[in-house]
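Student: sequence first, then the predicted structure:
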Amino acid sequence: MIGRIHHRNGDDVATDVILDIGLDALEDDPYPIYRWMRGEAPIAYVPETGRVLVTTWELCEEAGGNDEVFGPTQHPFNVVYGDPNVMSLTGTAHRSLRNSLNAPFRPRKVNEYRDETLRATAVRYVDAIRARGAAEVCGELLEPISLRAVGDVLGFADLDDDTLGRWFRGYAAYLVDFGRDPAVAERGRAVKTEVRAHLERHLPELGERPDEGALSHMLHDGMPAGQTRSVDDLIGSVGVLIVGGIQEPAHAVANALFGLLGRPDQAGRVAADPETWSRTAIEEGLRWLSPFGMTEKRTTSETTLGGLRFPEGTEVGLVIGAANRDPNHFADPDTYDLDRDTQGHQSFGYGVHFCIGHYVARVLAQVILEEMFLRLPNLRPDPDRQPVVHGWANRAALELPLVWDA
């Protein structure tokens with residue numbers, strides 16, 4: 001038995017199927033819990049998360065595709081990022097703000113700056129550590145590349161890596177803390193204050209001289225001639241972009257490497273031909289160890305899912321990490337495998353809130369992986385240091401010590 005499950009007031013209301021399990025257990029390794037839940041209680045209320053968790057591929061797809069009923073939650077995103085933000089808005093307001101973000105993230109545009117911005121940044125940072133022969137690549141390589149490349153795309157080319165890193169870590173920690181640590185919340189609020197001050201200094205200049213960054217497009221696109229959006233309009237979505245934009249590529253590469261290097265025969269295939277295998281390697285990593293392990297929803301009206309009633313206002317977690325390892329959809333789902341027959345995953349979310357930056361995240365992750373295998377010969381795990389993998393709402397190889405032939 002993974003946890004203690006009990007029923008309250010009958011069996012037909014989702015919030016009355018209760019699984020008592022702590023956040024620490026989920027963060028340490030959620031996959032045994034997910035395995036048990038998919039078989040025994042695929043829908044269950046977990047009090048420490050504050051929401052009903054949905055854990056099978058089919059049920060997550062069904063709920064995720066029903067935007068009208070399983071709408072976005074507001075509380076965590078509004079608290080962490082600010083209100084409004086592109087994650088918690090719906091309807092016309094959501095479409096207007098999301099459309100203003102589209103320009104730099106469309107596939108054609110990303111392909112234009114793929115080599116000049118994304119690959120060039122990866123090459124610069126990989127070459128900087130090449131002679132060392134060893135590194136903890138998450139903190140020393142992958143996060144810095146993602147900070148710089150995504151920061152430039154967002155429109156933060158004037159900010160140094162340390163500032164972007166502080167902003168990213170402050171927001172990200174606040175989002176996954178679930179209110180446990182007041183110090184985490186205070187740091188998150190301090191970061192938001194710092195971001196606001198930067199926007200207040202920078203937006204007037206962008207108002208006069210637009211550029212190609214996402215921030216400039218958010219300011220101008222879709223607005224009447226001579227008008228721009230305000231700091232209050234933008235700051236929430238800027239926070240979303242900082243966390244999602246920076247975290248997904250770095251964690252996607254880390255997780256792919258963690259799975260791939262555990263299978264030396266498959267790693268050898270990628271090393272021999274990185275450009276052919278990079279996409280498959282990244283996509284399987286996104287499935288196998290999903291960086292964003294859950295997406296939050298809130299029911300807008302009473303509905304039924306999996307035979308259980310969800311009253312209006314029910315907070316729901318669609319557990320992407322569990323759905324992506326559902327054995328009813330994937331054979332041998334706990335194994336990282338380049339040769340997997342079933343393609344696809346749910347790692348970028350669902351419906352109208354499907355990740356707007358998914359293409360740039362995928363492309364950046366692919367070019368990082370390619371350049372690492374091209375420039376770091378015989379890339380392999382460090383035999384003297386162990387990786388650290390942690391989290392459930394956000395899960396990744398947080399420390400990945402590797403060595404290569406310098």
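Tutor: Yep, that arrived. Residues are numbered from 1 along each chain as shown.

Student: helix or strand right after the lengthiest helix in the chain?
Tutor: Across the chain, the longest stretch assigned as helix under DSSP state H is helix 231-260. Next along the chain after helix 231-260, taking DSSP states H and E as the criterion, comes helix 264-272.

Student: using CSV, write out every CA atom in that next one.
Tutor: The C-alpha trace of helix 264-272 is given here as CSV (Å, rounded to 0.1, in the frame of the first residue of the first chain):
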residue,chain,number,x,y,z
PRO,A,264,25.3,3.1,-23.2
ASP,A,265,24.3,1.4,-26.4
GLN,A,266,21.7,4.0,-27.2
ALA,A,267,24.0,6.8,-26.1
GLY,A,268,26.5,5.5,-28.5
ARG,A,269,24.0,5.9,-31.3
VAL,A,270,23.4,9.5,-30.4
ALA,A,271,27.1,10.2,-30.1
ALA,A,272,27.8,8.8,-33.6
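
Student: next, the angle helix 231-260 makes with that helix.
Tutor: Angle, helix 264-272 to helix 231-260, by axes from the mean of the first three to the mean of the last three C-alpha atoms, to 10 degrees: 120 degrees.

Student: against which helices or strands is helix 264-272 packed?
Tutor: helix 231-260, helix 274-288, helix 358-375 (3 or more C-beta pairs under 8 Å, 6 or more residues apart in numbering; DSSP states H and E). All C-beta spots, glycine's among them, are computed from the backbone N, C-alpha and C.

Student: how about 10 Å then?
Tutor: Helix 264-272 sits against helix 231-260, helix 274-288, helix 358-375, strand 380-381, with contacts defined as 3 or more C-beta pairs under 10 Å, 6 or more residues apart in numbering; DSSP states H and E.

Student: report the inter-axis angle for it versus helix 274-288.
Tutor: Using the same axes, to 10 degrees, one finds that helix 264-272 and helix 274-288 are set 140 degrees apart in direction.

Student: picking that back up, quick one: closest of the helices and strands packed on helix 264-272 to Leu141.
Tutor: In terms of C-beta to C-beta, the element of the helices and strands packed on helix 264-272 nearest to Leu141 is helix 358-375, at 7.8 Å.

Student: dump the C-alpha coordinates for the closest one into PDB.
Tutor: Taking Å, rounded to 0.1, in the frame of the first residue of the first chain, the C-alpha atoms of helix 358-375 are listed here in PDB:
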ATOM      1  CA  HIS A 358       7.000  24.300 -26.900                       C
ATOM      2  CA  TYR A 359       8.800  24.600 -30.200                       C
ATOM      3  CA  VAL A 360      11.600  26.900 -29.100                       C
ATOM      4  CA  ALA A 361      12.100  24.600 -26.000                       C
ATOM      5  CA  ARG A 362      12.300  21.600 -28.200                       C
ATOM      6  CA  VAL A 363      14.700  23.200 -30.700                       C
ATOM      7  CA  LEU A 364      17.000  24.600 -28.000                       C
ATOM      8  CA  ALA A 365      17.100  21.300 -26.200                       C
ATOM      9  CA  GLN A 366      18.000  19.500 -29.400                       C
ATOM     10  CA  VAL A 367      20.900  21.800 -30.300                       C
ATOM     11  CA  ILE A 368      22.300  21.700 -26.800                       C
ATOM     12  CA  LEU A 369      22.300  17.900 -26.900                       C
ATOM     13  CA  GLU A 370      23.800  17.900 -30.300                       C
ATOM     14  CA  GLU A 371      26.600  20.300 -29.300                       C
ATOM     15  CA  MET A 372      27.400  18.400 -26.100                       C
ATOM     16  CA  PHE A 373      27.900  15.100 -28.000                       C
ATOM     17  CA  LEU A 374      29.800  16.800 -30.800                       C
ATOM     18  CA  ARG A 375      32.100  18.700 -28.500                       C
END
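
Student: give me the mean pLDDT for the longest helix of the chain.
Tutor: Averaged over helix 231-260, pLDDT sits at 96.

Student: relative to helix 358-375, how tilted is it?
Tutor: Going by the same axes, to 10 degrees, helix 231-260 is angled at 40 degrees with respect to helix 358-375.

Student: hmm, back to that, can you list the helices and strands packed on helix 264-272 in a markdown table and add mean neighbour count and distance to Arg201?
Tutor: Output for the helices and strands packed on helix 264-272, formatted as a markdown table (neighbours: other C-beta atoms under 10 Å; distance: least, C-beta to C-beta, whole Å):
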| stretch | mean neighbour count | distance to Arg201 |
| --- | --- | --- |
| helix 231-260 | 25 | 10 |
| helix 274-288 | 22 | 36 |
| helix 358-375 | 24 | 26 |
| strand 380-381 | 16 | 44 |
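
Student: just put these in JSON lines and tack on distance to Leu338.
Tutor: Output for the helices and strands packed on helix 264-272, formatted as JSON lines (distance: least, C-beta to C-beta, whole Å):
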{"stretch": "helix 231-260", "distance to Leu338": "8"}
{"stretch": "helix 274-288", "distance to Leu338": "5"}
{"stretch": "helix 358-375", "distance to Leu338": "12"}
{"stretch": "strand 380-381", "distance to Leu338": "17"}
